[in-house]
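>>> sequence first, predicted coordinates after that:
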Amino acid sequence: MSRRTKIVATLGPAVDAPETLAELLNAGVDVARINFSHGAAEEHLQRITRLRETADKLGKVVAVLGDLPGPKLRVRLPEARELVDGDTVHFSLNHEPGSADELVITEPELLADVRPGQRLLLDDGRLQLVARATVGQRLSTRVLVGGTLHPNKGINLPDTQIQVPAVTPRDREALATAARVGVDWLALSFVRGPEAAEELRIAAAEFGLKVPVLAKIERPEAVRRVAAIVAAFDGIMVARGDLGVEMPLEQVPTIQKSLITEANTAGKPVITATDMLDSMRNNPRPTRAEASDVANAVYDGSDALMLSGETAIGHYPIEAVRCMARIAEETERHLFEVNRRQRSLELFQPGQEIVQQLAEATVGLAENLGAAAIITPTRTGRTARLLTKYRPRTPVIALGPSPTILRRMAVYWGVLPVPLAPLTPGDDRIVAAVRDAFAANAVAVGDRVVVLAGHPVEGGRHYPTIRVVQVGEGGASVAP
């Protein structure tokens, strides 16, 4: 296992062809993102079905991340319109315009919260307006920075405290689709506080969906409350696109580092997203700045890096994945030159639960022994996640009992998911885990490995155990 940082690729028309999709997975994709902000339900269903079939044929574990649209405001326009500096532009507070010159957005009722002097940013901030007054069902604004406004472009309200449920009607429509195919992770857009986690879990359960949930950090209030959000969710995404519009652009790099550190310290996965290799939509090579951006995200501690338009609609989707993989691998070579054990000690918190302390001890023991791998059989993937908190130099082989658990672990840094064969009461899970890791070609005869198991004997009492063994013929566990 040469690369520890995982790659998330957004599916779209550019990779719909089965042979292209297979090439994409072979290039190094660990997680496939479905962006529910675009496309019809049937398109998403077909893409996920195609992905699962292709991954099975290739023998690869690939997770599906359902990215919910959230209250993303978009301008409903039949055709492009020019906005001129200093001109007055009217927005309707209804779903239908009151006059021919009024602009209508996807959720116009939110404009009722906009106060005079507050900004309206369109098309990722390329066009800027300021609110003047609301009269009746019309909001009047003045154009500060004009340009061409194209249909379906987004609108951000960085100065406005919007009042909207964490899970919108559009999210519920997406959840219905996500449940039909059983996505492995969910990402919630425009999270404002920790209470959104429970709201999302309840909404997902209504459709029979019980999966880990990520908070996309892209609002100022989310940055301020990130510690509580990380505690409530199963992971976060540093969504730099809207974050860079909602907050001063020059603050985003520092915010990125602080968000990643917060997630690392909590031992929860963090995905860094948006414009990582954006120029590769139209070019076979990235810019030097983009290559540095990818490398710095790895140095910051990202569990995964995300490609959006590069793979969904770009001209070079395969090249983008391969390029990201090469940059990550090269960066990790230098990452391990740092004393990783010292970093794990800095993350250790006195009084934490026993299994977390055992995870830390396992990582230290494996490194001191020069072990070929850390092996952990896990029912839920939790033990694997706890191990990754310490960014072990030693590869982590996590054996799960079902395809669902294996796909969930595909997001975790440095974890190789491997199937765990069914056990019967009395079986030694550690012996079985080593045997199954060998069968998957994850370890070889003669390798010394460190095994961490919560239940060493199937059906027995919970006695978390660390065991050092050597891999013998046929994957047998022999004395180290």
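That came through, no problem. Just so you know, these numbers come straight off a predicted model, no measurement behind them. Residues are numbered from 1 along each chain as shown.
>>> need the helices for the stretch 151-300 of the chain, in chain order.
169-181, 195-206, 220-224, 226-232, 240-246, 252-266, 288-300 (DSSP state H, counting those that start in this stretch).
>>> buried residues in the second one?
I take that to be helix 195-206. 196-197, 199-201, 203-204 (16 or more other C-beta atoms under 10 Å). For the C-beta atoms, the positions are set from N, CA and C on the backbone; glycine is no exception.
>>> pLDDT on it, on average?
In this model, helix 195-206 has a mean pLDDT of 97.
>>> again, but for the shortest one
The predicted model assigns helix 220-224 a mean pLDDT of 93.
>>> just the CA atoms of it, as PDB, please.
In PDB, the C-alpha atoms belonging to helix 220-224 read as follows (Å, rounded to 0.1, in the frame of the first residue of the first chain):
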ATOM      1  CA  PRO A 220     -18.700  31.500   9.000                       C
ATOM      2  CA  GLU A 221     -20.800  30.200  11.900                       C
ATOM      3  CA  ALA A 222     -19.600  26.700  11.100                       C
ATOM      4  CA  VAL A 223     -16.000  27.800  11.400                       C
ATOM      5  CA  ARG A 224     -16.700  29.400  14.800                       C
END
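>>> what packs against it?
Under the contact criterion of 3 or more C-beta pairs under 8 Å, 6 or more residues apart in numbering; DSSP states H and E, helix 220-224 touches no helix or strand at all.
>>> endpoints of stretch 67-80, how far apart?
28 Å (C-alpha to C-alpha, to the nearest Å).
>>> what's stretch 46-53 in contact with?
Outside of stretch 46-53, the residues within contact range by C-beta atoms under 8 Å, 6 or more residues apart in numbering are 11, 16, 18, 21, 32, 34, 62, 64, 181, 183.
>>> report the distance from that stretch to the chain centre.
Put simply, stretch 46-53 sits 19 Å off its chain's centre (C-alpha atoms, centre = their mean, to the nearest Å).
>>> residues near the nearest residue to P108 once chain neighbours are set aside, how many?
Excluding its sequence neighbours, the residue lying closest to P108 (C-beta to C-beta, 6 or more residues apart in numbering) is L93, at 5.2 Å. A total of 19 residues lie near L93 under the criterion other C-beta atoms under 10 Å.
>>> looking at the buried residues of helix 195-206, which is nearest R219?
Ranked by distance to R219 (C-beta to C-beta), those are led by A196 at 10.8 Å.
>>> ok, which stretches of the stretch 101-250 of the chain are strands?
Along the stretch 101-250 of the chain, counting by DSSP state E, counting those that start in this stretch, strands occupy 104-105, 119-122, 127-135, 138-145, 147-149, 154-156, 185-188, 213-217, 235-239.
>>> check contacts around the residue nearest to the spatial centre of the chain.
For the chain, the residue nearest the mean C-alpha position is I271 (4.2 Å; C-alpha atoms, centre = their mean). Counting by C-beta under 8 Å, 6+ apart, I271 touches 8, 214, 235-238, 302-306, 411.
>>> what do you get for S92?
Per C-beta under 8 Å, 6+ apart, neighbours of S92: 98, 102-104, 108, 137-138.
>>> neighbour-wise, which one of the residues you listed leads?
The most neighbours of any of those, using other C-beta under 10 Å, belong to L103, which has 23 neighbours.
>>> what residues are bridge-paired with the nearest residue to that one once chain neighbours are set aside?
Distances taken as C-beta to C-beta, 6+ apart place F91 nearest to L103, at 5.0 Å, with adjacent residues excluded. Beta-bridge partners for F91, by DSSP bridges, are L103, L139.
>>> pLDDT of stretch 425-444, averaged?
What stretch 425-444 shows for mean pLDDT is 94.
>>> buried sites along that stretch?
Neighbour counts over stretch 425-444 (16+ other C-beta under 10 Å) mark 427-438, 440, 442-443 as buried.
>>> same question, stretch 257-275
Across stretch 257-275, burial judged by 16+ other C-beta under 10 Å covers 257, 259-260, 262-264, 266-275.
>>> tell me the one of those residues nearest T148?
Among those, D275 lies closest to T148 (C-beta to C-beta), at 20.8 Å.
>>> my guess is that closest one meets R240, correct?
Yes: contact criterion C-beta atoms under 8 Å: D275 and R240 qualify, at 6.9 Å.
>>> may I have stretch 30-40 as PDB, with CA atoms only?
Extracted in PDB, the C-alpha atoms of stretch 30-40 (Å, rounded to 0.1, in the frame of the first residue of the first chain):
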ATOM      1  CA  ASP A  30     -11.100   5.300  -3.200                       C
ATOM      2  CA  VAL A  31     -14.400   7.200  -2.900                       C
ATOM      3  CA  ALA A  32     -16.900   8.200  -5.600                       C
ATOM      4  CA  ARG A  33     -18.900  11.400  -4.900                       C
ATOM      5  CA  ILE A  34     -22.400  11.800  -6.200                       C
ATOM      6  CA  ASN A  35     -23.300  15.500  -6.300                       C
ATOM      7  CA  PHE A  36     -27.000  15.700  -5.700                       C
ATOM      8  CA  SER A  37     -27.000  19.400  -6.500                       C
ATOM      9  CA  HIS A  38     -26.900  18.500 -10.200                       C
ATOM     10  CA  GLY A  39     -28.600  15.800 -12.300                       C
ATOM     11  CA  ALA A  40     -31.800  13.800 -12.100                       C
END
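>>> tell me the domain ranges of this structure?
Split into domains by automatic domain parsing, the chain comes to 6-71+167-335, 73-156, 340-478.
>>> just name the shakiest helix or strand of the protein by mean pLDDT.
One helix or strand of the chain scores below all others by mean pLDDT, DSSP states H and E: helix 340-347, with a mean of 46.
>>> quick one: residues contacting A291.
Applying C-beta under 8 Å, 6+ apart, we find A291 in contact with 323, 327.
>>> neighbours of E43, how many?
Residues contacting E43 under the criterion other C-beta under 10 Å number 16.
>>> helix/strand/coil for it?
When classified by DSSP: H, G, I helix; E, B strand; the rest coil, E43 comes out as helix.
>>> quick one on the thing from earlier: just give me the closest of the contacts of S92 to E319.
Closest approach to E319 among the contacts of S92 (C-beta to C-beta): L103, at 38.5 Å.
>>> ok, the closest one to P169 distance?
Per C-beta to C-beta, to the nearest Å, L103 is found 21 Å from P169.
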